[in-house]
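**Student:** I need the structure of the sequence given here:
(one chain, ligands or ions: 1)
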Amino acid sequence: MSVYSKIDKYILIPIADKLTGRGLSKEWRLMERLDMASEQALRDVQNQRLQALIQHCYKNVPYYTKLFDRLGLKPEDIQCREDLQKLPVLTKQMVRDNYQDLISLDADKRHYQKGSTGGSTGTPLKFMKDTPTWNMQWTSSFRAWKWCGFEVGEKLFTLGGNSLVKKRKLWTAKDIFDVVIMRNMKRSSADVSDEAMQAHYDAMMRYKPKALRGYGSSLVILARYIEKKGLPVCPIKLVITTGEILMPEYRETMERVFQCRVLDEYGCGDGGLDAHECIYHDGMHIAEERCILEIADKEGHVLPDGETGHVLATDLGNYVFPFIRYTVGDMAYIKSEKCPCGRQSRLLGQVIGRAGKLLYNKQGVPISPTMLPMMLYRDNDYHNEANCAIYNKIDKFQIRQDKKGDIRVLLKLKDPKEDRKLFEYVITNYENHFVGSKVSLEFVDEIPPMPSGKEDYCISEYEYNR
Ligand SMILES: [Zn+2]
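**Tutor:** Modelled structure (predicted):
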């Protein structure tokens, strides 16, 4: 363990916990203690957390009080993950329709952050996330990184979307966490030109990180650039990919260029899921202490292991805005076998839901749809009132890449008479992201659903025809 990792673990994080009352150290100890725990021990923690969450929801969250009463259920009827089937699934539309009712009545006593994500209908989904879930999310990652030899406190270099790059001068608690505790240097992956790659490379070589993290599709561009130029690379222990499906070819390229392991992570910001690969790279260990992941059919009936279905998420840490059996929008399956590493958590097999939604820039590099809704904000200050005011004028949107390959952004405004010039920044935002592509902005009266009847904010005809 490096000196800084020790300082982090035994001094900085405990001090931060004392100052903020956040409890990251405690959760971290629990995650480490349960790392090689028996299936029963994992189940016990999961059940205990589920029961506490359900009690809380029935008492404090109007949506669930009404739901339980309507179904004639008592909180005691939900004791373990199998019991969850007594409850219906929670769709994005239901979250949107019941936003106020999903907020816990004791929210003002809790420390939380507001979040937003692209909903499947193209209307952004707003939610809240409190400290326990934030702690669980980070510590389950800390644990998984350690499986592959990287410890928090060692330098991290992140290549991510626009939102990762700090714009404001003022330091927030999050910035301090990033810089002081995580030692995380973040750079924007929006520009994929050779000049930008050289700048990333130079920064990386000066900083000498021990791990790289980001979208696989961004990190692979850097890897290809380094390979093309025959540049030397500082010793790196681990590449951590997140946020989109990792293509096998990307993994091979990164392993070859950075001469280290690639650890793929699966998570969803809203539903509170986390799953991580271990050194066997054969499925992802579900962080059972932190979430309940179910694979179900459309009606919410759980499918047997090995069968592909909808991913449902129950976040065991989010008390301020609880997600129970939330349909994430991905399809996946759970493996029937346990991992040879000996860990008893279930293994999530191939996640396939997000495939079929990749868009491509002019260089043919796939772009994950995850970030796209956020680019409808004028800039990345998502809580700025002026930004929100313009953004809130949008009723629905859709981002399309048709056969030719350029990008079309369709907007349906709440008031069709709104000044359209207000939205011109949308073109620039998308052009910055899809380097070299032509972006057109179209104002429409309606956004029709897919032939299947499902609504979708991101449609890539091009992907099927390329
Ligand atoms: Zn394993």
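
**Student:** What ranges in this protein fall below the confidence cut-off?
**Tutor:** 117-124, 161-170, 352-358, 366, 368-371, 382, 449-456, 463-466 (pLDDT under 70).

**Student:** Quickly find the element holding the residue of it most remote from its centre.
**Tutor:** In the chain, the residue that sits farthest from the middle, by CA atoms, centre = their mean, is K417; the gap is 35.5 Å. Using DSSP states H and E, K417 maps to neither a helix nor a strand.

**Student:** cool, F157 as well?
**Tutor:** Taking DSSP H and E as the criterion, F157 maps to strand 156-160.

**Student:** From the rest of the structure, what touches that strand?
**Tutor:** Identification of contacts with strand 156-160 by CB atoms under 8 Å, 6 or more residues apart in numbering yields 164, 182-189, 200, 203-204, 207, 209-215, 218-219, 222, 243. (Each C-beta comes from the backbone N, C-alpha and C, glycine too.)

**Student:** are any of those buried, and which?
**Tutor:** 164, 182-189, 200, 204, 209-215, 218-219, 222, 243 (16 or more other CB atoms under 10 Å).

**Student:** Filter those down to just the ones in helices.
**Tutor:** Judged by DSSP state H, the subset of those located in helices is H200, M204, S218, L219, L222.

**Student:** For the chain, what lies in contact range of the ion?
**Tutor:** C278, Y280, C339, C341, R343 (CB under 5 Å from the ion).

**Student:** Among the residues you listed, which pair sits farthest apart?
**Tutor:** Put simply, by CB to CB the two of those set farthest apart are Y280 and R343, 9.7 Å from each other.

**Student:** what's the neighbour count on I286?
**Tutor:** Summarising burial for I286: neighbours were counted as other CB atoms under 10 Å, giving 22.

**Student:** Let me see the contact set for the one residue in the stretch 1-150 of the chain that gets nearest to the ion.
**Tutor:** For the stretch 1-150 of the chain, the nearest residue to the ion under the criterion CB to the ion is W147, separated by 7.5 Å. Shown in contact with W147 (CB under 8 Å, 6+ apart): L263, H276, C278, I279, C341.

**Student:** what's the answer for N387, then?
**Tutor:** Residues Y377, R378, D379, D381 are the ones in contact with N387 under the rule CB under 8 Å, 6+ apart.

**Student:** What separation is there between it and V179?
**Tutor:** Relative to V179, N387 is positioned 24 Å away (CB to CB, to the nearest Å).

**Student:** Same question for L411.
**Tutor:** With distances taken as CB to CB, L411 is found 37 Å from V179.

**Student:** Which one's more surrounded, those two?
**Tutor:** With neighbours defined as other CB under 10 Å, L411 and V179 compare such that L411 has more, 21 against 14.

**Student:** Is Q398 in a helix, a strand, or coil?
**Tutor:** Following DSSP: H, G, I helix; E, B strand; the rest coil, the label given to Q398 is strand.

**Student:** bridging residues for it?
**Tutor:** Note on Q398: beta-bridge partners by DSSP bridges are L410.

**Student:** Can you give me the neighbour number for it?
**Tutor:** By the other CB under 10 Å criterion, the neighbourhood of Q398 contains 20 residues.

**Student:** try K412
**Tutor:** As a burial measure, the neighbour count of K412 was computed by other CB under 10 Å and equals 18.

**Student:** For it, which residues are in contact?
**Tutor:** In this structure, K412 makes contact with I394, D395, K396, F397, F443, V444, D445, E446, I447, judged by CB under 8 Å, 6+ apart.

**Student:** dump the residue contacts of the fifth one.
**Tutor:** With contacts defined as CB under 8 Å, 6+ apart, F443 is in contact with L410, L411, K412, L413, P416, R420.

**Student:** So what pairs up with the closest residue to the last one other than its chain neighbours in the strands?
**Tutor:** Using CB to CB, 6 or more residues apart in numbering and skipping residues adjacent in sequence, the residue nearest R420 is F443, 6.0 Å away. Counting by DSSP bridges, F443 forms beta bridges with L411.
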